[in-house]
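Engineer: what follows is a predicted structure for the sequence shown.
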Amino acid sequence: CVPDGTVVNSIEVRDVRKVFGAGENAFVALDTVSVSIRQNEFFTLLGPSGCGKTTLLRLIAGFDFPTSGQILLYGEDIAGLPPFKRPVNTVFQSYALFPHMSVAENIGFGLEMLGKPKSEIGARVAQMLRLVRMEHLADRKTSQISGGQQQRVALARALAPQPKVLLLDEPLSALDYKLRKEMQLELKRLQHETGITFIFVTHDQEEALAMSDRIAVMSSGRILQVGAPREIYDTPAERFVAEFIGETNFIETDFLGRDGAQARVKLPSGREIRAGLSDGHQPADKTWLVVRPEHAQLTGAEGALLAGTVENVVYLGTDTHFHLRLDHGPRFTVRRQNTSAQAAGHHASAGSNESFQPGQRAGVTFAE
Ligand code: ATP
């Protein structure tokens with residue numbers, strides 16, 4: 001945002017289609033995609049393998065061209081600009097570092113190519129080394145540093161020419177779980193400190209939720225929803241989005257009518273409840289109620305919103321998952337956060353989920 005709070009778009013993708021091949025072999029990788037990415041935003045393209053994330057990134061970078069549609073950078077169509085003339089840089093999954101060069105030489109490489117004076121390169125490389133906390137390894141060859149350190153060098157190299165937009169294509173996928181978590185925080189910090197627009201590609205929904213200002217959820221060459229992590233999680237626009245982002249219970253209900261911003265629906269048990277409607281959603285006679293496992297609790301089966309039998313209880317340290325088979329057929333998961341009182345064997349809350357065992361009858365409630 002600029003000081004008066006106006007949103008400035010860094011990248012605008014307008015009605016972009018990308019078709020690979022021709023005739024019978026034509027494959028639509030991007031199907032009329034439109035999205036605006038704001039200046040200074042951590043924006044994530046999230047979707048399963050093959051949905052078109054990398055294709056969109058490559059079009060923004062200029063490695064490939066749209067079949068139709070436009071890509072604007074600060075309002076200017078960049079179709080005529082080759083990749084090296086775009087103020088856009090890319091960090092690849094493979095890092096693509098030069099193994100025979102030192103860390104500092106790798107970071108300075110792009111600046112050398114741009115013909116920058118030596119003194120400027122030296123100062124900028126030093127600044128980048130500090131930014132990614134790699135000063136102590138400046139003279140080490142990149143073949144002699146760890147995967148996480150290589151990742152930092154790749155980031156520093158891409159940030160050194162001060163691009164307006166940084167594209168990151170699954171940059172953390174080669175790292176182990178712990179390092180990956182660490183680098184997620186590091187990337188957020190780098191984005192914040194540099195103020196550069198980051199466009200990040202991942203198929204990992206947890207990673208997208210943890211890092212992004214906004215997320216675009218993609219499937220089969222289309223963008224299904226764009227929103228802040230909480231928005232996407234709490235009010236998924238489509239079933240695919242709800243399923244892809246986190247665990248979800250779907251209950252088929254009869255739509256009875258609107259009540260302001262809410263819908264009145266009838267559950268398979270015959271009970272009627274009110275539920276929030278997703279933005280712009282036009283409910284059909286049969287409509288899906290989405291209940292996240294952490295928003296549901298177990299109760300006695302008698303008089304509950306839904307009833308069933310406990311099939312499995314899975315203890316996961318911080319949470320316990322209770323998997324039920326509901327009386328009308330589908331499965332339902334309830335997640336309960338484990339408190340220290342429960343760990344110590346004190347069952348503070350009456351009617352807690354604690355006592356439910358596989359084979360037992362149980363009811364499910366959730367806030368309307
Ligand atoms: P992943 O997470 O696996 O990298 P992705 O979402 O990035 O997947 P893309 O690489 O953008 O997916 O590919 C989208 C679709 O376009 C895929 O089905 C892919 O096979 C196809 N595709 C990509 N490049 C080409 C090409 N040069 N020729 C033909 N088809 C291609």
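Structural biologist: Thanks, I have the structure now. As the structure is a prediction and not an experimental result, all values here were calculated from the model.

Engineer: so what does the helix ranked longest in the chain touch, helix or strand wise?
Structural biologist: Counting by DSSP state H, the longest helix found in the chain is helix 177-194. Here helix 177-194 touches helix 118-131, helix 147-159, strand 197-202, helix 205-211, going by 3 or more Cβ pairs under 8 Å, 6 or more residues apart in numbering; DSSP states H and E. Heads up, the C-betas are built off the backbone N, CA and C, glycines and all.

Engineer: residue 16 belongs to a helix?
Structural biologist: No: Residue 16 sits outside any helix when classified using DSSP: H, G, I helix; E, B strand; the rest coil, being strand.

Engineer: so who does it touch?
Structural biologist: Taking Cβ atoms under 8 Å, 6 or more residues apart in numbering, we find residue 16 in contact with 30, 32, 33, 34, 56, 59, 66, 68, 69, 70, 71.

Engineer: mind listing which of the residues you listed are in strands?
Structural biologist: 30, 32, 33, 34, 68, 69, 70, 71 (DSSP state E).

Engineer: shaky segments in the stretch 201-350 of the chain?
Structural biologist: Applying pLDDT under 70 to the stretch 201-350 of the chain picks out residues 279-283, 340-350.

Engineer: just the ones in strands among the contacts of residue 16 now: which is nearest the ligand?
Structural biologist: Ranked by distance to the ligand (Cβ to the nearest ligand atom), the ones in strands among the contacts of residue 16 are led by residue 30 at 7.9 Å.

Engineer: how near is that closest one to residue 221?
Structural biologist: Using Cβ to Cβ, to the nearest Å, we find residue 30 at a distance of 5 Å from residue 221.

Engineer: what residues are shared contacts of these two?
Structural biologist: 18, 52.

Engineer: ok, the two, which is more surrounded?
Structural biologist: More crowded of residue 30 and residue 221, by other Cβ atoms under 10 Å: residue 30, with 26 against 21.

Engineer: relative to the ligand, how far out is residue 360?
Structural biologist: To the ligand, residue 360 is 42 Å away according to Cβ to the nearest ligand atom, to the nearest Å.

Engineer: residue 74 too?
Structural biologist: 25 Å.

Engineer: what's the neighbour count on the closest residue in space to that residue that isn't next to it in sequence?
Structural biologist: Distances taken as Cβ to Cβ, 6 or more residues apart in numbering put residue 10 closest to residue 74, at 6.7 Å, once the chain neighbours are dropped. Residue 10 has 21 neighbours, counted by other Cβ under 10 Å.

Engineer: between the ones in strands among the contacts of residue 16, which is nearest residue 333?
Structural biologist: residue 33 (33.1 Å; Cβ to Cβ).

Engineer: the ligand contacts on the chain?
Structural biologist: The chain comes close to the ligand at residues 20-21, 27, 29, 47, 49-55, 203, as judged by Cβ under 6 Å from any ligand atom.

Engineer: and among the helices and strands packed on helix 177-194, the most buried is which?
Structural biologist: A comparison of the helices and strands packed on helix 177-194 by mean neighbour count, using mean count of other Cβ atoms under 10 Å, puts strand 197-202 on top with a mean of 24.

Engineer: which residues are in contact with that one?
Structural biologist: The list of residues contacting strand 197-202 from outside it, by Cβ under 8 Å, 6+ apart, reads 10-11, 37-46, 53-54, 57, 60, 164-173, 187, 191, 208, 211-212.

Engineer: just the buried residues of these.
Structural biologist: Among the contacts of strand 197-202, those buried by neighbour count (16 or more other Cβ atoms under 10 Å) are 10-11, 37-46, 53-54, 57, 60, 164-172, 187, 191, 208, 211-212.

Engineer: now do the same end-to-end measure for stretch 103-121.
Structural biologist: Separation of the first and last residues of stretch 103-121 by Cα to Cα, to the nearest Å is 14 Å.

Engineer: residues in contact with residue 187?
Structural biologist: 155, 168, 171, 172, 198, 200, 211.

Engineer: correct me, but the third one touches residue 90?
Structural biologist: No: taking contacts as Cβ atoms under 8 Å, residue 171 lies outside contact range of residue 90: 9.6 Å.

Engineer: ok, now how distant is residue 315 from the ligand?
Structural biologist: 32 Å.

Engineer: ok, and what's touching stretch 176-185?
Structural biologist: Counting by Cβ under 8 Å, 6+ apart, 147, 148, 151, 171, 172, 175, 207, 210, 211 sit against stretch 176-185.

Engineer: gap between residue 358 and the ligand?
Structural biologist: As judged by Cβ to the nearest ligand atom, residue 358 and the ligand stand 37 Å apart.

Engineer: which non-adjacent residue is nearest that residue?
Structural biologist: Leaving aside its sequence neighbours, residue 358 sits nearest to residue 310 (Cβ to Cβ, 6+ apart; 5.4 Å).

Engineer: ok, now which ones touch the residue sitting nearest the centre point of the chain?
Structural biologist: Centroid check for the chain by Cα atoms, centre = their mean gives residue 208 as the closest residue, at 2.3 Å. By Cβ under 8 Å, 6+ apart, the contact list for residue 208 reads 44, 46, 200, 202, 215, 229, 245.

Engineer: ok, those residues vs the ligand, which is closest?
Structural biologist: residue 202 (8.3 Å).

Engineer: so what sits opposite the closest one in the bridge?
Structural biologist: Legend: beta-bridge partners of residue 202 under DSSP bridges are residue 46.
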